[in-house]
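Student: sequence and predicted structure, then a few things I'm wondering about:
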Amino acid sequence: MAERRFEAPSLLAVRYGAASRAGADPAPPGAPAGTAGPAKANQDTYLAVERPGGGDALLLAVFDGHGAHGGRVSAL
């Protein structure tokens, strides 16, 4: 997990972070309870920009990739 602190004189101080993990397909039918299916690649990306345009702002975004090209699309 990445964590940072952002302070703007006219606003509150904000601590923000990011963490992500790969998902898994559902377990095949008849598999024991608690069994996970095959692991998937992590296709998620995030963006954190402090003071975009020089102002007292914080831009945070999460791009949740899905499907065959989800990793490439979320990184655009």
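Tutor: That came through fine. Numbers count the residues shown, from 1 in each chain.

Student: what's across from Tyr46 in the sheet?
Tutor: According to DSSP bridges, the partner residues bridging Tyr46 are Val62.

Student: that one against Tyr16, yeah?
Tutor: No: using Cβ atoms under 8 Å, Tyr46 is not in contact with Tyr16; the gap is 9.8 Å. (Glycine included, C-beta is placed from N, CA and C.)

Student: okay, and the common contacts of those two?
Tutor: Leu60 (Cβ atoms under 8 Å, 6 or more residues apart in numbering).

Student: got the buried residues for the lowest-mean-pLDDT helix or strand in the chain?
Tutor: Using mean pLDDT, DSSP states H and E, the weakest-scoring helix or strand in the chain turns out to be strand 2-7, at a mean of 73. Residues Phe6 are the ones in strand 2-7 that count as buried (16 or more other Cβ atoms under 10 Å).

Student: how far away is the residue nearest to Leu58 when sequence neighbours are not counted from Thr35?
Tutor: Nearest residue to Leu58, sequence neighbours excluded (Cβ to Cβ, 6 or more residues apart in numbering): Phe6, at 5.1 Å. Distance of Phe6 to Thr35, given as Cβ to Cβ, to the nearest Å: 42 Å.
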